[in-house]
Every structure is written in structure tokens, then in C-alpha cells.
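> Pasting the sequence and the predicted model now:
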Amino acid sequence: MARFEEKDFSQDNFNLKVWKRIFQLFAPFYKQLIILLVLVIMTALGDVIMPLLNQISIDKFASGDFNNSELYLFIAIYILIIFAVSIINYFYFKAAGKVEMGFGYHLRELCFRKLNDLSFSFYDTTPTGWLMARITSDISRLAEIIAWSFMDMAWGIPVMFMSMFIMLRSNVMLTLVVLIVVPILAVMSVVMQKKLLKAYRGVRKANSKITNSFSEGINGAKTTKTLSLEQQNFEDFKKDTSEMRHVSIEAAVVGAKFRPLVNFISSFTLALLIWVGGDLAKYGVISFGTLMMFIQYAQQFYEPIRVIAYTMSEFQLAQASGERVVYLIDSEVKITDTPEVIAKYGTVFAPKEENYEDIKGDISFKHVDFHYIEEEPILRDFNLDIKAGQTIALVGETGSGKSTIVNLICRFYEPVKGEILIDGVDYRKRSIAWLHSKLGYVLQAPHLFSGTIMDNVRFGRLDATDEEVYEACKLVNAHDFIMRFDKGYLTDVGEGGSRLSTGQKQLISFARAVLANPRIFILDEATASIDTETEKIIQYAIENIMKGKTSFVVAHRLSTIVNADRILVIKKGQIVEDGTHIELMKKKAYYYELYTNQFKEDLAKGLIDENIDLSLI
Amino acid sequence: MTRISFINKHLGKYKFKLLTLLLATISYAGINLLANLVLSYVIDHVISRQEVEGGIYLVIDKILGGWQSLYNDLWKAALLIVIIYILVALLMSYRQKTQGIVSERLVENMRNDLYEHIETLPYSYHVRTKTGELIQKCTTDVDMVRRFFAGQLAEIFYILATATIALVILYSINARLALIATISMPIIFLYSYFFFKKVQKQFLISDEAEAELSTLVQESLSGIRVVKAFNRERYEVDRFLQRSKNYSDVTYKMILSLGSYWSSSYMICLLGILSVVVAGIFAIQAGDLSIGNFIIFVSYQSMILYPIRQLGRIMTDFSKVTVSLKRLVDIINEPREDLISGAKPDLAGDIVFHDVCFAYDDDHAEVLHNINMTIKKDATIALLGPTGSGKSSLIHLLVRLYEPTSGYITINGHDIKDINKAYLRKHIGLILQEPFLFSRSIMDNLKLVKPEADNNEIFEAAKVAAVHDVINEFEEGYDTIVGEKGVTLSGGQKQRVAIARTLVKDTPILIFDDSLSAVDTQTDAKIRLALGNMGQKTKIIITQRVNSAKDCDLIYIIEHGKITQSGSHDELVSKEGLYKRINDLQNRLKESEVL
């Protein structure tokens, strides 16, 4: 899986608050953490014991006297230890994997629940891509680092101390020889690890640039051809690849200094051990076995240092990820029910549907003020009374406030001042879930989820029977085209409904809304450029499906709304014209202008496509 | 081109560097084994005072000046160790640096070649290819190859060289014991090879589960309005948790597999070492082995076994590399479009279609039938017709994105099939209906076709395309970045920027392939008026709007791949046909106020 490109870290400093919060979130896994720690220390013990076994094999059996039963005992113990070490290793993997997956799952759940709780203002300012990165790569990284990298550190420290202890007990002077290079190696590792990280960051950046260039070059290939830009694009691309080569080789050079230098410095220990240790062995102060043991410990000693240095550099990454995840989890939910409302109606996740009142469908705006940003008021002292069962069309330019009105009715946003009454009661006195359970909502750019047609329609009412789904589809005239698919209702719609035409998606999204059997119906037409097919569907929906329910149509295509009960022309947050199509046409004001213009243009286009029956005019 | 020649071509002169890299790796492996020999020599001969019998120890003995003298000068042995490690460090450093250089040079050439090749592949290739897949190949597959050359290749050599040299030394010391040491090597190799082959599937399953999870999050977040409006938060969370659980479960299974592999293979390695330890002890007892050599056996055994454990993994990766290479070579083997050959004649003249017919290769139905058409120099003509009537195909033939099936097209008397394609396209400004803007600043987009253009030229072009004021309304004006990382332009704005971009080029022939479709009628009229004032140009306007066609010198009506009518507006309105029908209707509409 491609991981998202990491932005520069917010800070290098230790952020105690974030880590406190992370460990709070980690609380359900404390028990597993302790198991993991025990296993880690046991693994460390195994790694420290191995050189001891070799010492015994040299001193006791290779150079000393022994009887066979001692040898067999030694072999038996050796094998036992091998098995024990392997099994502990396996359980360590198991425990760490469990913590990684468990913690990741837990964080994802918290984040995703939060995302479903957050109100629209949050989504207005936060791009989906950013959220995706939090919920995928950041959480994975955090869980991975806590389960593995921190555990590596927890392994390194006991390994160092235990081997130091054994060495000290055996020979102080040789221990000092081994330890002499440790500070040098430690400092060097930390410095180099940082350098490497920085170099890799440069490589990642250059790499994402190249991916971008490829993507642009390929997506724009047709345009490139018509503009004859091939050569020029290629020249630009060559700059990117040469930069990539440059930073990559630079990173390789940093790496090429690091490991060899470490190896070289460790070799001094080996040389000193042969020199000093050899002298000691010469005079029988130490045995060959002991000398070998020291050599092995010296070679093993560097691994924990490297691991700790590496973990420390990863630590910043983890902190940056942690900061963002915590930010998301602790984001404030702007639109929420009061405790009293929750007590009566429950929450979105645990609703008390038995307390839900029915909706008749009267809607009133009482002195409503609204703005997204404080300096830019959208509605000011807005008043509107709508009777149950009416179809209301909202017409106006982009930014006039018509979509805002719909957003307020849906309680995607709440009034800054004033109130909105549904059946005479301020809707904030009932729960958001209550309102949404009575709402049918259709976007002009229909959003489907991957899965079957059946799944998508049933999204409107989860407990609907197959029969009810068929009924809903028949009502919106979708049944026939669905049955023409080989798999009928079990046809997979593809990601985002990509395997269906826009018109088909539209019909399914209508069927979905119909199945919900809402009291309030919302149709949000996003743009004026729709094809004839979609236009017909929308018209049909307005005239048949939405009849009898309180309905709102945010309209760009005026031809679709000629039959609405009331057309409201909105300008700068005010209703400037209000009436039926006939009334407004007679008025010959803004609506009239808009309508005739659009009609002329439609005719020209429609005729060319031979889609309009000429005899009608 | 084959995979080998593909690599060979892109390695270029770095082939030799690759060769020295491999040689350095082999010497590195050899020298790396020396230090243990020095240790063994010190133990057996210097400290235990045994005669040096032969083999490699004689060489060491010579270098250090004899074991007897060394007894009091152990520092010499220490110095030799340091020297050995200096060599090791230098070779290791050389290897890392060189494999970085070789692999980066290789992929740089590969990327450049791929990019240039893709850019010059014919239009039809880009129409039929899925862009996502192609991008994936150019990034992921190239990276597979890079990783192989950046480490795995040298690692294979290192492992094989270490094993071979170490075994040679071990066999020279004690053949029977060496045989015992050898046994565990194929075992651990086969074990790891087959394990990684098998676990590949689990990696895939985990990746797929993660992708499924991401898709759900993506869909759910982009459809958050629908989710909320239908009160489906709980439903979505349940679905999410189910997939999240599935991902956790399959990944956990994968971790368990890896865990069981690493721990069991660790066990095999340790048992392999133990077998040498035990056999070594018996050999010492029998007087066939010295303590120093015992140490050599034990230490070489672990120096061989652990790397071999990695070899299985590298070999499974290698099979993936060959698959990646195949995919890349397939791209390179697609024939390019010829942009180099061809004449570059003067193109200031009439454009004439002579009996042109055309069908797409993959679809034998003819889309254009016997088109005969003359477009006078500096005239403005319109092509009007329903969707799918063949208007765009006509234009694609004119700029040679496709070639006619029969008939030919001349410009200023020259058959365009003899004209250099790049030259031809540089003289024809074609604006596509759905133009692509590069995700850079608007200014950069406009300057693409003429990097040396000064700002005034750009502003002029933008004014003609009626987009200058729009751009200035953006906070950062012409420096506004468009696309994903910047401002998303509306369809109409995009089209207008594209028009401006083409105008900057100042071509004698301009073609608008329905490129005002997303622009409102008033702006459309404004742009056409401004274009009229631009001076001598041949203009071809493809449109569905009568208004856009009305003022043209000549209007061609195209229906079902044929020219059904042609003439000026006045001529066409007096004849029966599509054009008249539309026009009449519009007039009737103006008169009747009953709407």
C-alpha cells in the first residue's frame, strides 16, 4: 500500500501532553504490554545466554576433561535452551502482533466514530485526503512503533546490562576494553541516524515529485500531443529524475559512511581483545572460552545501540503521527444534542427509537441568522413558513444562500441566532438522529457505496424486505434497467458506483430515499449542466415521488421545477420572489429572465441532439 | 526489446561499475572471513605454541613474522585485525555507495526512457490505456527494479561468496566436520525459499484487506452527507469495524506466520550450530581439530547460516522483479509515434479534405464517409452536428492524431501525411473539450507553449479568452496553483484557460473542439468577438450552439459522419434541414412570450 507523504514534523521537542494522551488511549492494552515486556526480557536473556554456552563448550568440552554423561547433559540443556528461545521468540511475535493490531483497531474505531460524529463545518475545512492519511498511515505507524520499535528498545537495554554484568563478573579489564568504544558508537549512531532520516526525507520528497510528474505526464498525454509539448515535458521530467538521483545517491553516501565506520570502530575492540585478552590467556588468567565469550559480547554489543538510536529517530515520526491522531480524536463536535435530548432520544449510535415522535412536516424559520465565517453573514433575520406536503423550489445564484437553507433544515448546521421549528417545536429539542430518520436526501451528483444495487437501495432503510426494495425501485422506474443486468439487484455497482451511468446512479439514489419513506425530502441539484436523461428523472421525481411530502429542491435547471408549489428566489440571503411558476413568469422579473435564457439555450442544444419533440412547440 | 537488453541499455557505462561492485562484494566477503582466522591463529599457534602446518595459516604466519616472535608482540596481530577491518570498511563503503550510484543511474535512465516513450506513444494508445495502471507500473515496478539493484543483487553475491569461501576453508581444515556443517545450509535455504513463496499470498491478502478498508473510509467520508442525512452513522461504523477487524485479523495471521518462520528458522540455525559444536568436540577429543579451528567452525557456521536465511526471501523477490521488468519492457515495446521525419512546408493556405473516410481500428464501423470540404485560408468555419456525428474525428485527422482510412487532406496543397507531425501540430492550435491543466500556477500553464512569452502577451491571450478578470479575482492571481493542490477551476474556467494557453502559441490555424461547451452564452459571444479581432487566422469552431455558428463564413452540418449541408447562415436558413429547424424554433421562441 502506498503510504501518504509525510509532512515536515511539527517539532523535534518532546511533547509530554501528546504522549500522556496516547498512553491513556493505550490503557486497554496495559496487560498485554506487561506480557510483552516479560517476553522481551526473556528474549534478551536468551541472547545473553548463547555466548555463555559457547564458553562452556570451549572450556569444558573442547579443552578440558569431561565424561560423556556431562556432554549429553550439556547437549540436552543446549537443545532445551534452543527450543525455549525459539518458542519465546514466537510468543514475542504473537504478543507484539496482538498489541499492534489491537491498538491499531482501537484507534481506528475511535477516529472513525469521531468522524461520524463531527459536524459539517469540520468537513468544510478538512480535506478528505488529510483524514484518510490519519486513519490509515498515521494510526498504523503509531501502533507499529509502540508495538515493535519501543519493544526493540526494551530489548536493547536489558541485553546491554545483562551482558555487562556477566562480563564484569568474569574480567573487569576486558569489560572495560569492550565498553571503551560504546560512547563513541552511541554518539555516532544518534548523529548518523538523524542524518540518514533527513536524507531519506529528501528522497521521499523527490520520489513523490516523480510520481506526480508521471501522473501528470500520463493524464495530460492527449493535451500534450495537441500542444506538441512532448519534448518540453520530457526536459522538465529529466530535471526531476536527475534531482531524484542526486538526493538518492547523497542518501546512499551517508549510509555508506555509517555502517562501515561503525564496523571499523568495533574492530578496535576485537583487536584490543586479541592483544590484551591474548596476553591474559597466555598467562592463564582467562581461558580461551572466556576470551571467545568477550569477543562475542563485543560483537553483540553494537546491535542494542543501533536499535536504540534507530528507535530514538523513529520517535519523532511517532510523535508527529500521535499528535495528529490525538487532534482528530479530541476534535470538538460542534453540533450535538443536549444531555436532556440524549437522555430521551439516545445517541446516533444507540438511539431510543421508541421515543421518536412522528413528523407532520411543517417547517418554520424564525428570525434565523447564519454565517459560516463570522465576517460573512449568509442569512440575517430570515423568516419562512412552509406547510406540510408542499414542494418548495429554491432558486438563486451560487452563494445566494439557498444551499444554506437546506443545510439548516437538515441540521447539518444550526442557526447562529433564532430557531427552526419542525411541527412547531425547535428542532434542537429533539435529537439529530430523530430528524435524520425522517429525512430523504438526494444529491444531484449521486453518491453510491461499493456493493450491490440491493445494498445501496437498502441503505435507505436497513430492515426493508427485498419486496420493499423492489417496490421502491419500481416507483422510481429503476426496476427495469436493474433487471436487465445479468445479476439484477445483486449487480456490483463498482467503487463509488462507477459501473453505472449517472442516470442509473441517480435513480438508485432516489429509490434509496423513497425506501426511507421520509416526511421531508431534499433534492440538492449541484450544477446546471445535466444531461437530458437526468433532467427527466429529476422532473419525474419532483412530480410523483415527492408529492405529499414536504420537499425542497435546490434548483439550477428551472425546467425541472415548473410544477413546484412554491418557488423562492433567493438573493443575498433574502427571499426576493415567492410564488408559483406562472405567477413569477407574469411578474417578468429575475425568475422570468433566468428562465427564458435557459430555455432558449436548452432548445438549441436539445434540438441538435434531436431529443426534443418538435411538435410540442 | 528483451528484459536483459532493457537493463543493459539503461545501465549504459555503469555496467562496468556494476562489475566492480560485484567484484568488490566478493572480495569483501573473503576479507571479512579473515579476522576469525587471525584469532584462531593467535589461539592455536601463538598462545598454544603449536607448529603451523600449512594452508592459509602459513600466509598469516609469514605476514606477522612467525608465531614464535609474536608471543611477546601480540599487538602485531591486533594491528593486522585493524588493517583487515580497514579493508572491510572500505570495501563495504564502496559497495554501498556504488550500488546506490548504479541503481539510481539505472532507474534514472529507465524513468526518462519510459516517460519520453509514453509521451510519444500515439493518441490511440492513451485513449485505450487505463492511466492508473500505467502510473502504477512507472512507479511501483520501477521501484522493484531499483531495490533489486540497490542491494539485493550484491547481497546474493555476498551470501554465495561467503558460503563458498568459508566452505573451502572449512573443507581444507577438516572435511568430515565441514560436511556436517554443510548439511544445514540447503535445509535453511529451501525452508526460507518455500516459506516466503507461501507467505506471499498472506502479504497480498493483508494488502487487499487494507485497500478495502481504505476504500470504505474514502467512500464513507466523501459521502458523509448521505450517511448523515440517512442517519446511517451506526451502520457505517459497523461496516467500518467489520473491515477494520478483518484487516487486523488477516494481518495478525501474517505476523503469526512470520513469527513462526523467524523463530523456527532461528531454531534450525541454532541446531545447525549445535551440530557443529558437538561434532567439533568429538573431533577435538579424537585429536583431529585444534581449539582455534573449532572456533573457526562455530563462527563461520553462523556467518553462513543467518545470511542464507535471507536468501530465500531475496529469491522470491527476484521472481517479482522479473515480472515487473516484463511489464516495463512491454511499455517500451509499444511503437512510438513518428515526430521526427516529414517535411516542414509553408502551411499558410487552404485546408482541403479529399474524399476522406475514417474508421477506428478497433471498431470497424466507419465514422466518416467521403468528406469533401475546403476551408479557405483565414476563413472562420463552423462544424455543427449532434453528439457522435464525427465532428471531433474530423479534427483529429487534421492534426494527425489518427490517419484517414482512405482519401487525404492537404494544407496549402501539401498532403499532411508527408508533413512532420510535431511541425503540423505546432501550426494548429487545437483546444480539446476537456482540456488538461497541469498542476502548476496558471501563469506556468499559459507559458507552457511559449516559455519566452512576456506577461503582456499572456494577459492579452487571457483577455481574449475572457478569463483575465477571473484569474485576477483569485487571491494569488496568475500565481494561483490549479488542480489537486490548489484551486479547483470550474469546467468553463478550465476551458477558457486552455483557450488562452493555445492563443499564446499564436498559430495560423485555430480549432475549438466544442471547447466553449461549459461557458455560458454571453461569454461565448464575447470570446468569439475578441477572436474576430485577432487578425488573420483560419478558425474552425466545432459546436452544438447555433449562436456560435451563426457569424461564421461557412457552416458545415455534419450528421452520421457525412456533410449534409453547408453554406452561410443566410443560405442555410433558406433551405430545409436541421439548421433551419433550429433557427426557426429560436425565432418562434423570441416572438412568443407565453412561456
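Great, that's in hand.
> Report how many residues lie close to the closest residue to residue B:51 other than its chain neighbours.
Spatially, and ignoring its direct neighbours in sequence, residue B:51 is nearest to residue B:45 (7.6 Å; C-beta to C-beta, 6 or more residues apart in numbering or on different chains). (Each C-beta comes from the backbone N, C-alpha and C, glycine too.) Using other C-beta atoms under 10 Å in any protein chain shown, residue B:45 is surrounded by 24 other residues.
> Same question for residue A:466.
Neighbours around residue A:466, by other C-beta under 10 Å: 10.
> Domain boundaries for chain B, per the record?
Domain segmentation of chain B under automatic domain parsing yields B:3-332, B:351-437+B:508-590.
> Going by mean pLDDT, which of the ones you listed comes out lowest?
With a mean of 85, domain B:351-437+B:508-590 has the lowest mean pLDDT of the domains of chain B.
> Got phi/psi on the residue nearest the centre of chain B?
Here the mean C-alpha position of chain B is nearest to the C-alpha of residue B:138 (C-alpha atoms, centre = their mean), at a distance of 1.6 Å. With angles defined as degrees, to the nearest 10, residue B:138 sits at phi -70, psi -20.
> Enumerate every residue touching it.
By C-beta atoms under 8 Å, 6 or more residues apart in numbering or on different chains, the contact list for residue B:138 reads A:214, A:218, B:111, B:114-115, B:118, B:331.
> In this structure residue A:60 contacts residue A:67, no?
No - Residue A:60 is beyond contact range of residue A:67, at 11.0 Å (criterion: C-beta atoms under 8 Å).
> These two: which is more packed in?
Neighbours per residue (other C-beta under 10 Å) separate residue A:60 from residue A:67, with residue A:60 holding more: 17 against 8.
> For the more buried one, give its distance to residue B:304.
For residue A:60, the distance to residue B:304 (C-beta to C-beta, to the nearest Å) stands at 26 Å.
> Just the strands from chain B, written as ranges.
B:351-359, B:366-375, B:380-384, B:406-411, B:414-415, B:428-431, B:509-513, B:538-543, B:554-559, B:562-567 (DSSP state E).
> who wins for proximity to chain A among those?
Chain A lies closest, by C-beta to the nearest C-beta, to one member of the strands of chain B: strand B:428-431, at 4.4 Å.
> CA-only coordinates of that closest one, as CSV, when you get a sec.
Provided in CSV are the C-alpha atoms of strand B:428-431 (Å, rounded to 0.1, in the frame of the first residue of the first chain):
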residue,chain,number,x,y,z
ILE,B,428,-2.5,24.2,-35.5
GLY,B,429,-3.9,25.3,-32.2
LEU,B,430,-6.4,22.6,-31.1
ILE,B,431,-8.4,23.1,-27.9
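> Tell me which strands it pairs with, and in which orientation.
Sheet pairing for strand B:428-431, assigned by DSSP bridges, gives strand B:509-513 (parallel).
> quick one: contacts of the strand it pairs with?
B:347, B:351, B:391-392, B:395, B:398-399, B:411, B:427-433, B:499, B:502-503, B:531, B:537-543.
> mind running it again at 7 Å?
Under the criterion C-beta atoms under 7 Å, 6 or more residues apart in numbering or on different chains, residues B:392, B:395, B:427-433, B:502, B:537-542 lie in contact with strand B:509-513.
> That strand vs strand B:366-375, what angle?
Put simply, strand B:509-513 runs at 140 degrees to strand B:366-375, going by axes from the mean of the first three to the mean of the last three C-alpha atoms, to 10 degrees.
> For burial, what's the neighbour tally of residue A:222?
If we define neighbours as other C-beta under 10 Å, then residue A:222 has 16 of them.
> for residue A:350, same thing?
Residue A:350 has 9 neighbouring residues, counting by other C-beta under 10 Å.
> and the residue nearest to residue A:459 when sequence neighbours are not counted, helix, strand or coil?
Spatial nearest neighbour of residue A:459, excluding adjacent residues (C-beta to C-beta, 6+ apart): residue A:512 at 5.5 Å. Following DSSP: H, G, I helix; E, B strand; the rest coil, residue A:512 is assigned to helix.
> Can you give me the neighbour number for residue A:512?
28.
> residues in contact with it?
Counted by C-beta under 7 Å, 6+ apart, residue A:512 has contacts A:456-457, A:459-460.
> what do you get if the cut-off is 8 Å, keeping everything else the same?
A:456-457, A:459-460, A:472, B:230.
> Okay, the closest residue to residue B:196 other than its chain neighbours and chain A: tell me how far apart.
Spatial nearest neighbour of residue B:196, excluding adjacent residues (C-beta to C-beta, 6+ apart): residue B:316 at 4.2 Å. Look at residue B:316 and chain A: by C-beta to the nearest C-beta, to the nearest Å, they are 19 Å apart.
> what's around the residue of the stretch 1-150 of chain A found nearest chain B, how many residues?
Proximity to chain B, evaluated over the stretch 1-150 of chain A using C-beta to the nearest C-beta, is greatest for residue A:93 at 2.6 Å. For residue A:93, the neighbour count with other C-beta under 10 Å is 21.
> Name the nearest residue to it, ignoring sequence neighbours.
Nearest to residue A:93 is residue B:259, by C-beta to C-beta, 6+ apart, at 2.6 Å.
> ok, that neighbour touching residue A:95?
No - at 9.5 Å, residue B:259 does not count as touching residue A:95 under the criterion of C-beta under 8 Å.
> Neighbour count: those two, which is higher?
residue A:95 (22 against 19).
> Could you check the pLDDT of the more buried one?
Looking at residue A:95, its pLDDT stands at 94.
> Can you pull the phi/psi pair for it?
Dihedral pair for residue A:95: phi -70, psi -40, per degrees, to the nearest 10.
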